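based on what follows, work out the 3D shape:
(2 chains)
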Amino acid sequence: MELFTPLVPVVRVFLLIAAGFVFAHWRKISLSSVTEIIVYLGTPSLVFASLVSKPLYFGDLAMLASGIGAIYAGVGLLIQLYFVAFRFHSRGFALPTLFINAGNMGIPLALFAFGEAGLQRATLLYVICTFLQHSLGIYIVQGSGNWAEIFRLPLIYATLAGLGFNLLQIKLPELLLQPLAMLGQATIPIMLISLGYRLHEVESL
Amino acid sequence: MRIFGGFAVANLAVYLIGAQGVNRQVLLLYGALPAAVINFVLTEKYRQDPGLAASIVVISTLISLISVPLVLWLLL
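Residues are numbered from 1 along each chain as shown, chains lettered A, B, ... in the order given. Down below sits the predicted model:
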């Protein structure tokens, strides 16, 4: 039973998804404006606030970066094989299959299972995964082979700024950091609710 | 597929780069993690099968309730 303790947050996640699902039952909204707020305001704040404050450990950077790089490359290859084998192509399939939940699940799990050493590695992996998500991920989902799209969204800037402030040890005034952190924290439940909302529509197709 | 394929690939990867100790354990765990929620938001924004993406996030997170304890049990 002890092994399941770090999975308690997963239950909370499902409650929020269920809330979105039920909401979709009696209210019809346009998800696109919610999505814009998440992509342009919420997630950048979340990423920035979580990156500035995390103590980073670079001891095994090369090893971990090549490890996660190899995993992404391998899974990417599997996705390509799957597309060829089933004559099917969907960027909506490729994206969530490739990019993992390194922050919300990876960090607490690694801390729980492998202690402080695990937390250090997990935090570094989180930084690498976030960077890949906000560069390669946007490139993939947008399609048409246009790298410029990455720089049209604030996500990559939030990632780099958070990392830069962290490395240069620049302390932002609390007055500025606090609203960013608040907005960041609100983003996760909003994402889960819109996910539940979308699932309801899938169901009714 | 994300979880089982990812765990298999992670095993191959740590073998190839010769990772050991905590690095190995954390990489194996990361190979088997479920999909991130932001992927759904991005597919919604770019209208790339958001329904499918939402399903993958939910199903992989649901499976992780079983697969994560299994992976940790194998590692510890």
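
check contacts around A:Ala158.
Shown in contact with A:Ala158 (Cβ atoms under 8 Å, 6 or more residues apart in numbering or on different chains): A:43-45, A:47-48, A:51, A:134. Backbone N, C-alpha and C define where each C-beta goes, glycine included.

tell me the helix or strand right after the helix or strand harbouring it.
A:Ala158 belongs to helix A:155-167 when assigned by DSSP states H and E. Per DSSP H and E, the first helix or strand lying C-terminal to helix A:155-167 is helix A:174-203.

what's that next one packed up against?
With contacts taken as 3 or more Cβ pairs under 8 Å, 6 or more residues apart in numbering or on different chains; DSSP states H and E, helix A:174-203 sits against helix A:8-26, helix A:31-37, helix A:43-53, helix B:38-45, helix B:50-75.

tell me if I'm right that A:Lys54 and A:Ala122 touch.
No: the criterion here is Cβ atoms under 8 Å, and A:Lys54 misses it with A:Ala122 at 10.2 Å.

quick one: which of the two has more around it?
Neighbours per residue (other Cβ atoms under 10 Å in any protein chain shown) separate A:Lys54 from A:Ala122, with A:Ala122 holding more: 27 against 18.

and the more buried one, helix, strand or coil?
helix (DSSP: H, G, I helix; E, B strand; the rest coil).

can you pull the contacts of it?
A:102, A:106-107, A:109-111, B:26, B:30.

narrow these to those in helices?
A:107, A:109-111, B:26, B:30 (DSSP state H).

and which of the contacts of A:Ala122 is nearest A:Leu64?
B:Val26 (7.6 Å; Cβ to Cβ).

so how many other residues sit close to the closest one?
Applying other Cβ under 10 Å, I find that B:Val26 has 30 neighbouring residues.

the closest residue to it other than its chain neighbours: neighbour count?
In this structure, B:Val26 finds its nearest non-sequential neighbour in A:Arg121, 4.2 Å apart by Cβ to Cβ, 6 or more residues apart in numbering or on different chains. Counted by other Cβ under 10 Å, the residues lying close to A:Arg121 total 29.

would you check how far apart A:Arg121 and A:Gly59 are?
9 Å (Cβ to Cβ, to the nearest Å).

and A:Val75, by the same measure?
Distance of A:Val75 to A:Gly59, computed by Cβ to Cβ: 26 Å.

quick one: B:Gln48 is in a strand?
No: counting by three-state DSSP, B:Gln48 falls outside a strand, being coil.

could you pull up phi and psi at it?
Dihedral pair for B:Gln48: phi -120, psi 80, per degrees, to the nearest 10.

I figured it hits A:Val141, correct?
Yes: using Cβ under 8 Å, B:Gln48 is in contact with A:Val141, at 5.6 Å.

what about chain A, any weak spots by pLDDT?
A:1-7, A:144-145, A:203-205 (pLDDT under 70).

in it, what residue lies closest to chain B?
Closest residue of chain A to chain B, Cβ to the nearest Cβ: A:Gly92 (2.6 Å).

contacts for the helix or strand containing that residue next, please.
Using DSSP H and E, A:Gly92 sits within helix A:91-98. Applying Cβ under 8 Å, 6+ apart, the external contacts of helix A:91-98 come out as A:72, A:75-76, A:79, A:83, A:137, A:140-141, A:143, B:1-2, B:35-36, B:39-40, B:42-43, B:46, B:48-53, B:56-57, B:60.

quick one on the thing from earlier: closest to A:Met182 among the contacts of A:Ala158?
Distances from A:Met182 to the contacts of A:Ala158, taken by Cβ to Cβ, are shortest for A:Ser45, at 8.2 Å.

re the thing from before, please identify the most buried of the helices and strands packed on helix A:174-203.
Most buried of the helices and strands packed on helix A:174-203, by mean neighbour count (mean count of other Cβ atoms under 10 Å in any protein chain shown): helix B:38-45, with a mean of 28.
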